[in-house]
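**Q** predicted structure and sequence below. I'll ask about it afterward.
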Number of protein chains: 2
Amino acid sequence: MQLEFLGTGAGSPGKFRNVTSTALRLLDERNEVWLFDVGEGTQHQILRTTLKPRKITKIFITHLHGDHIFGLPGLLSSRSFQGGDEPLTIYGPKGVRDFVMTALRVSGTRLSYPLNFEELTDGGVIFEDATFKVSCQKLEHRIATFGYRVEEADHPGELQAEKLKAMDIPSGPVYGQLKAGQTVTLPDGRTINGQDFLAAPQAGRTVAILGDTRQTPNALVLAQDADVLVHESTFGKDEGKLAHNYYHSTSTQAAQIAKKAGVKQLLLTHISARYTGKLSKELQKQAQAVFKNTKVVRDFDIIDVPFQK
Amino acid sequence: MQLEFLGTGAGSPGKFRNVTSTALRLLDERNEVWLFDVGEGTQHQILRTTLKPRKITKIFITHLHGDHIFGLPGLLSSRSFQGGDEPLTIYGPKGVRDFVMTALRVSGTRLSYPLNFEELTDGGVIFEDATFKVSCQKLEHRIATFGYRVEEADHPGELQAEKLKAMDIPSGPVYGQLKAGQTVTLPDGRTINGQDFLAAPQAGRTVAILGDTRQTPNALVLAQDADVLVHESTFGKDEGKLAHNYYHSTSTQAAQIAKKAGVKQLLLTHISARYTGKLSKELQKQAQAVFKNTKVVRDFDIIDVPFQK
Ligand SMILES: [Zn+2]
Ligand SMILES: [Zn+2]
């Protein structure tokens, strides 16, 4: 599980940062990639990575501002052109379907795969299967905006085969039952509880990816105990009033959320063109004064989301 | 007057050619830039040039396929963000207004300038003022497609002031009347016809920019005697059947149009990813066998459109 940043700028594309898109690489976990926002030129950025558009199966849109959605029609078209045939689902505020379907209709684009929409109206769980759960919460950004929380299910502990072999239990189908935690009676009459031979389960990882937002309690709900929090930092420490008026956050506010929520790592994105080059390090320092494990990400950064030991 | 190529690829963006957009730089002539098609990422390409979005006053769309229009909403937004306030008019097939207005509405974008649409239904003159005339003709490309012809008015000849001075006619307001070709009676009684003191007028220049098309007589109508013809070349010499079936043209077909129409220069664009690097030179050679003054253009090429001597 890695986060790959395809666009880390705010508002308009710049020479060094494209408009917003963040990929959650779940290649080992599901052989899938999930995208969060698709600013214009996201497909161009993907051309410079190892990501395959056909592996993108879910797209989560935080809000409908142009710098977060204008790359959708092109990406969807190219995924089709490149032979994608797996279904793709777009989650986002009401209006995302209208935008995408108008673009596809007017351009005469016929996709090679089923395209589904889940338009969000309120917070809650929006996807769940055996290994992953995604929930969303409303944030505050002038137009309807959602943040997302992706939770991986715990990985069951490994079967401790050496212990079993030391007890002269021969390997075979019975190992599968024990690994599943079942209680088994052996041919020799012994009764073995699989639970006693499993290592501790490995806690699943949690990533919170918030859209543009000013300070709001729901940010904490999404970020609680996350391994990684991706938060916008459109403004610097001393621009709290500007941030509030423009429905954005400062570096320090993002760090305060990270600290209160007890996250492991904070990644700052949505960096204004006013903070180019070394100035973006200022944002990072400001945040680090509150929450040490902070990084201002750049386009094409890949950040691993490790298991906690 | 120069053509600046912002995207010269076909269908999907590639590493070396972006999807279609061509700028006609009329900076000396009108302090304006006109764009022909706006594929996704056109605003990103513009960032790498000296073009200013606020100087773009007219956008001509050849057809509504995604690789020709998906950059429109982002470009319009950035033009606004960068303080453009001059009106902008978009010419194109029916549907372009629906696409743009849906994108702006859904994204909550309010432009800082008046945006007008001229949806085209048939060929004819679509713009004309004292110095420029633009006409369009239907081409053949599965969906409604137009090619454009831009004609500069002739420049009146310069006033030959030396001749007047040799005749002891003192400079003053009378020179302005003579320059306008009027007949003037001097205080000393002489009658002077301005027409006799004007150099030969300089013929205006003509540029024809065609969209995606297969062979159709209207291409000739647009290209007739043009100084520069910009023509697609999606396929190579031996792919005439493919070109026809996919509503595109071959290098050789484009050259035949150039020859028949008596143009001065042929610029080939809309180059398929199958013709990367040196292979694009093949397309050029094929066309040059029919029409010598041919060039396959690349992204960021700037081609001057000179006056004919
Ligand atoms: Zn934004
Ligand atoms: Zn095309």
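**A** Nice, I can see it. Residues are numbered from 1 along each chain as shown, chains lettered A, B, ... in the order given. Ligands and ions are numbered 1, 2, ... in the order given.
**Q** and the stretch 51-200 of chain A, which residues reach chain B?
**A** A:64-66, A:69-71, A:73-74, A:77-78, A:81-82, A:95-96, A:98-99, A:102-103, A:106-109, A:142-143 (CB under 8 Å from any CB of the partner chain). For every residue, glycine as well, the C-beta is placed using N, CA and C.
**Q** residue ranges with poor pLDDT in the stretch 101-250 of chain A?
**A** Applying pLDDT under 70 to the stretch 101-250 of chain A flags no residue at all.
**Q** who in it is up against ligand 1?
**A** Selection of the stretch 101-250 of chain A residues close to ligand 1 by CB under 5 Å from the ion yields A:Asp212.
**Q** please produce a PyMOL select command covering the buried subset of the residues of the stretch 51-200 of chain A next to chain B.
**A** Listed next is the PyMOL selection for buried residues among those, using 16 or more other CB atoms under 10 Å in any protein chain shown:
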select buried, chain A and resi 64+65+66+69+70+71+73+74+77+78+81+95+96+98+99+102+103+106+107+109
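**Q** check contacts around A:Pro25.
**A** I think there's a mix-up here, since residue A:25 is Arg and not Pro. A:Met1, A:Gln2, A:Leu3, A:Glu4, A:Val33, A:Leu51, A:Ile302 (CB atoms under 8 Å, 6 or more residues apart in numbering or on different chains).
**Q** so what's the first one closest to, chain neighbours aside?
**A** Read it as A:Met1. Of all residues not flanking A:Met1 in the chain, A:Val305 sits nearest, at 4.4 Å (CB to CB, 6 or more residues apart in numbering or on different chains).
**Q** cool, the second one as well?
**A** In space, not counting the residues next to it along the chain, A:Gln2 is nearest to A:Arg25; the distance is 4.5 Å by CB to CB, 6+ apart.
**Q** quick one: the one you found is in a helix?
**A** No: counting by DSSP: H, G, I helix; E, B strand; the rest coil, A:Arg25 is not found in a helix; it is strand.
**Q** partner residues bridging it?
**A** A:Gln2, A:Val33 (DSSP bridges).
**Q** for it, give its distance to A:Ala130.
**A** 19 Å (CB to CB, to the nearest Å).
**Q** check which helix or strand covers A:Phe307.
**A** Using DSSP states H and E, A:Phe307 sits within no helix or strand.
**Q** go on, A:Thr252?
**A** With DSSP H and E as criterion, A:Thr252 is part of helix A:251-261.
**Q** just checking: what are the partner strands of the helix or strand following that helix?
**A** For helix A:251-261, the following helix or strand on the C-terminal side (DSSP H and E) is strand A:265-269. Applying DSSP bridges, strand A:265-269 is found paired with strand A:228-232 (parallel), strand A:294-296 (parallel).
**Q** as CSV, those with mean neighbour count and distance to ligand 2 would be great.
**A** Output for these, formatted as CSV (neighbours: other CB atoms under 10 Å in any protein chain shown; distance: least, CB to the ion, whole Å):
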stretch, mean neighbour count, distance to ligand 2
strand A:228-232, 28, 36
strand A:294-296, 21, 38
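**Q** next, give phi and psi for the closest residue to ligand 2 within the stretch 51-200 of chain A.
**A** Residue of the stretch 51-200 of chain A nearest ligand 2, by CB to the ion: A:Ser107 (10.4 Å). The phi/psi pair for A:Ser107 (degrees, to the nearest 10) reads phi -90, psi 0.
**Q** where exactly do the helices run in chain A?
**A** A:27-30, A:42-47, A:66-69, A:72-81, A:96-106, A:161-166, A:173-179, A:218-223, A:240-245, A:251-261, A:278-288 (DSSP state H).
**Q** before we move on, back to that, how near is the nearest residue to the residue of the stretch 51-200 of chain A closest to ligand 2 once chain neighbours are set aside to B:Val296?
**A** Computed as CB to CB, 6+ apart, the closest residue to A:Ser107 that is not its neighbour in sequence is B:Gly66, at 4.3 Å. According to CB to CB, B:Gly66 stands 23 Å off from B:Val296.
**Q** can I get the CA coordinates of stretch A:149-163 in PDB?
**A** Only the C-alpha atoms of stretch A:149-163 are listed here, as PDB (Å, rounded to 0.1, in the frame of the first residue of the first chain):
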ATOM      1  CA  ARG A 149     -11.200   7.200   5.200                       C
ATOM      2  CA  VAL A 150      -9.900   3.900   3.900                       C
ATOM      3  CA  GLU A 151      -9.500   1.100   6.400                       C
ATOM      4  CA  GLU A 152      -7.800  -2.200   5.700                       C
ATOM      5  CA  ALA A 153      -9.200  -5.200   7.600                       C
ATOM      6  CA  ASP A 154      -6.800  -6.800  10.100                       C
ATOM      7  CA  HIS A 155      -4.700  -9.600   8.600                       C
ATOM      8  CA  PRO A 156      -5.200 -12.800  10.600                       C
ATOM      9  CA  GLY A 157      -2.100 -14.100  12.300                       C
ATOM     10  CA  GLU A 158       0.100 -16.600  10.400                       C
ATOM     11  CA  LEU A 159      -0.100 -20.300  11.400                       C
ATOM     12  CA  GLN A 160       2.900 -21.300  13.600                       C
ATOM     13  CA  ALA A 161       3.700 -24.400  11.700                       C
ATOM     14  CA  GLU A 162       6.900 -25.200  13.600                       C
ATOM     15  CA  LYS A 163       5.000 -25.500  16.900                       C
END
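**Q** right, I'll call it a day here.
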